[in-house]
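Q: any chance you could fold what I've pasted below:
(one chain, ligands or ions: 1)
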Amino acid sequence: MSKSGAKSRRKESLRIPKAKYIFVTGGVVSSLGKGILSASLGLSLKSRGYKVATLKSDPYLNVDPGTMNPFQHGEVYVTDDGAETDLDLGHYERFTNISMSKLNNVTAGQIYASVIQKERDGDYLGGTVQVIPHVTDEIIMNITKLARTAPKPEIVIVEVGGTVGDYESLPFFEAFRQFRLMAGPRDVLFVHLTLLPYIAAAGELKTKPTQHSVKQLREIGIQPDIIVVRTERQITREIRDKIGLFCSVNTRDVFMSRDAETIYEVPLNLEKEGIPDSVMKKLGLKQREPDLKVWADRVKRIKKPRKKVRLAVCGKYVGLQDAYKSITEAFIHAGAELDTRVDVLWQEAEDIEKHGPEKFLNDVHGILIPGGFGERGIEGKLIAARYAREKGIPFFGICLGLQVAVIEFARHVAGLKNANSSEFARTKYPVIDLMENQRSVHKKGGTMRLGAWACHITRGTKAFEAYDQELIHERHRHRYEFNNAFKDVFEKHGMIVTGENPDGRLVEMVELKDHPWFLACQFHPELKSRLIKAHPLFYRFVEAALKHQEKENQDVKNTP
Ligand code: GLN
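A: Purely as a prediction, here's the structure:
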């Protein structure tokens with residue numbers, strides 16, 4: 001490509017497509033719920049019939065969160081197209097019911113990688129490559145790319161990770177400032193979320209941190225249009241006035257986001273506050289009524305369920321619940337459909353190894369083993385899987401959870417002594433093993449079996465009962481696979497393969513024949529669960545746990 005060719009291509013991708021753009025920024029502290037606010041806005045606007053797209057921009061230098069420890073970053077959310085992304089994309093999907101792709105998450109790592117690649121390719125030949133304009137242009141291009149992609153959104157919501165004032169997010173804020181100039185003020189809106197702390201000793205909600213964070217935003221040339229304050233208490237008119245005055249926004253444009261009982265209530269609270277209406281007005285969009293009936297109904301059920309059940313998740317990242325975010329949410333979705341509160345015992349697998357299963361698992365009605373990497377905690381998980389199998393407790397294995405169930409079955413039922421996964425040990429019986437195409441892979445980033453893969457389900461199985469269809473697509477993120485060399489031995493002993501990838505004959509689901517509900521899958525079903533449509537496997541697992549609980553209660557009653 002010639003120098004002028006690269007230049008005109010760059011110019012073209014900087015052209016801003018006609019749409020409305022909402023930038024969601026955060027101040028004071030992190031974890032205020034910018035992701036939930038963005039997802040809720042997405043839902044509110046979508047429920048009014050607008051075509052919405054959401055983009056998360058993350059200022060860290062990793063190309064994606066795929067190489068981070070879950071304790072650092074929480075869960076890695078995988079999209080259908082195999083991108084390893086920020087967990088906020090999970091909120092976007094669960095709220096808006098729109099499937100995300102790699103275009104919906106951009107990191108500073110990706111931005112810099114692309115700029116440096118272009119520099120090497122000679123795209124900027126003759127020039128000095130700088131943060132402004134090269135890095136900022138690249139950030140802008142990522143927004144315009146999403147805005148140009150079908151189905152072309154009418155509204156693009158861009159959330160920026162971190163807090164205003166962080167060094168690393170500066171290029172993003174600068175790019176957004178330029179974006180407003182390029183697109184014109186009528187099409188761009190800045191929503192700033194801050195914290196309003198309550199100081200008990202003074203008996204007051206304090207606005208100063210909000211004032212400071214808005215000041216910081218203004219220093220980099222951004223004046224927020226709407227301020228949303230996260231607060232545990234109702235705010236008064238005086239507080240709104242004060243924030244308005246000091247932050248140069250109209251009192252009408254200061255809103256609160258009160259702590260909610262469930263995150264799914266947030267969109268309903270935003271409606272009550274009138275935030276979506278204000279957003280539409282400011283952007284010159286036609287006012288429309290939202291349709292949130294089904295949503296509100298689900299929220300009601302989450303808040304006042306008739307039944308409850310207690311389940312255990314035995315993992316190794318249980319100290320940080322964000323590491324299992326989508327599983328937590330999938331339980332809530334299934335619970336909402338089954339009118340059940342799902343209480344989860346987050347059980348450290350290593351403790352089971354040390355103290356045995358009885359102490360921790362004797363009062364749960366279902367056991368789930370989630371995904372994971374590395375050997376720590378494996379023995380504890382094997383004990384938990386055995387406990388579920390032998391006691392007839394509903395069992396759900398996800399990814400590593402399938403691998404554990406398979407190893408346990410191999411060792412204790414199929415008689416394959418010391419069977420293991422080759423991820424953990426060299427063994428005579430590598431029942432879980434690397435596929436040929438993974439053996440030569442040494443680079444870590446984006447090299448697993450990722451994204452949506454087809455799975456064919458056998459009729460007459462629990463899997464079929466759940467999905468009620470033969471061909472499904474589910475999302476993956478792993479390197480190791482069930483070793484087909486052992487398939488016959490397993491089936492002979494009662495562990496059957498019920499889901500298989502039609503092309504590679506990869507095992508995707510296994511079940512136990514003689515068990516009330518024992519199912520494990522190599523994919524991550526939790527990633528596709530939504531509030532308005534719980535994932536069928538989670539639904540069936542919770543349902544099986546309820547049945548198990550009922551049976552136990554009956555048994556107790558019948559004991560003389
Ligand atoms: N460590 C296992 C593998 O790579 C399982 C991965 C997972 O649970 N996501 O195959």
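Q: so A454 sits against R505, correct?
A: No. A454 lies out of contact with R505 (C-beta atoms under 8 Å); the separation is 11.8 Å. Yep, even glycine has a C-beta here, placed from its N, CA and C like the rest.
Q: who has more neighbours out of the two?
A: More crowded of A454 and R505, by other C-beta atoms under 10 Å: A454, with 14 against 11.
Q: and that one, bridged to which residues?
A: Judged by DSSP bridges, the bridge partners of A454 are H473.
Q: quick one: residues contacting it.
A: 471-473, 501-503 (C-beta atoms under 8 Å, 6 or more residues apart in numbering).
Q: pLDDT below threshold where in the stretch 251-400 of the chain?
A: Judged against pLDDT under 70, the stretch 251-400 of the chain has no low-scoring part.
Q: check the chain too.
A: For the chain, applying pLDDT under 70 flags the ranges 1-3.
Q: which helix in it has the most residues?
A: Longest helix in the chain, counting residues (DSSP state H): helix 536-558.
Q: helix or strand for the residue most central in space within the chain, which one?
A: The C-alpha lying nearest the average C-alpha coordinate of the chain belongs to G90 (C-alpha atoms, centre = their mean; 2.7 Å). Assessed by DSSP states H and E, G90 sits inside helix 88-96.
Q: and that helix, what's buried?
A: Within helix 88-96, the residues that count as buried by 16 or more other C-beta atoms under 10 Å are 88-96.
Q: next helix or strand past that helix?
A: Counting by DSSP H and E, what follows helix 88-96 is strand 105-107.
Q: re earlier: wait, what's in contact with the residue nearest to the centre of the chain?
A: 75, 77, 325-326, 329, 527.
Q: hmm, which two among these are most spread apart?
A: The most widely separated members of these, counting by C-beta to C-beta, are Y77 and E329 (11.0 Å).
Q: between those two, who's got more neighbours?
A: Using other C-beta under 10 Å, the more surrounded residue of Y77 and E329 is Y77, with 28 against 24.
Q: residue contacts, C247?
A: The contact partners of C247, by C-beta under 8 Å, 6+ apart, come to 210-211, 214, 224, 227, 254.
Q: and it, how far from the ligand?
A: Distance from C247 to the ligand, counting by C-beta to the nearest ligand atom, to the nearest Å: 44 Å.
Q: then M256?
A: For M256, the distance to the ligand equals 39 Å [C-beta to the nearest ligand atom].
Q: shouldn't that residue be within a strand?
A: Yes. With DSSP: H, G, I helix; E, B strand; the rest coil as the criterion, M256 is part of a strand.
Q: in the sheet, who's paired with it?
A: So, taking DSSP bridges as the rule, M256 has V229 as bridge partners.
Q: spell out which parts of this protein neighbour the ligand.
A: Neighbours of the ligand within the chain, by C-beta under 6 Å from any ligand atom: 371-373, 399-400, 423, 477-480.
Q: mind running it again at 5 Å?
A: For the chain, the contact set with the ligand under C-beta under 5 Å from any ligand atom comprises 371, 373, 399-400, 477-480.
Q: write the PyMOL selection for whichever of the residues you listed are buried.
A: Selection command for PyMOL covering only the buried members of the residues of the chain next to the ligand, criterion 16+ other C-beta under 10 Å:
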select buried, resi 371+373+399+400+477+478+480
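Q: take the residues of the chain next to the ligand and keep only those in strands.
A: Secondary structure from DSSP state E places 477-478, 480 of the residues of the chain next to the ligand in strands.
Q: just give me how far stretch 332-341 sits from the chain centre.
A: In terms of C-alpha atoms, centre = their mean, to the nearest Å, the centre of stretch 332-341 is found 19 Å from the chain centre.
Q: quick one: end-to-end distance for that stretch.
A: Chord length of stretch 332-341, first to last residue, is 7 Å (C-alpha to C-alpha, to the nearest Å).
Q: pull out the buried residues from it.
A: For stretch 332-341, burial by neighbour count (16+ other C-beta under 10 Å) applies to 332-338, 340-341.
Q: contact partners of it?
A: Contacts of stretch 332-341 (C-beta under 8 Å, 6+ apart): 94, 262, 264, 298, 301-302, 305-309, 342, 529-531, 533-535, 538-539, 541-543, 546.
Q: what is the neighbour count of T67?
A: Counted with other C-beta under 10 Å, T67 comes out at 15.
Q: equivalent analysis for T149, please.
A: T149: 14 neighbours (other C-beta under 10 Å).
Q: what about it, distance to the ligand?
A: Using C-beta to the nearest ligand atom, T149 is found at 28 Å from the ligand.
Q: ok, V497 next?
A: Distance of V497 to the ligand, computed by C-beta to the nearest ligand atom: 17 Å.
Q: could you say which helix or strand holds that residue?
A: strand 495-500.
Q: for that strand, packing partners?
A: helix 400-412, strand 449-457, helix 462-467, helix 487-493, strand 507-512 (3 or more C-beta pairs under 8 Å, 6 or more residues apart in numbering; DSSP states H and E).
Q: which residues does T85 form a beta bridge with?
A: Y77.
Q: now the strands for the stretch 101-250 of the chain?
A: 105-107, 155-160, 188-195, 198-199, 204-205, 226-231 (DSSP state E, counting those that start in this stretch).
Q: swap in the stretch 251-400 of the chain?
A: Going by DSSP E, counting those that start in this stretch, the stretch 251-400 of the chain shows strands at 254-258, 307-315, 340-348, 367-369, 395-398.
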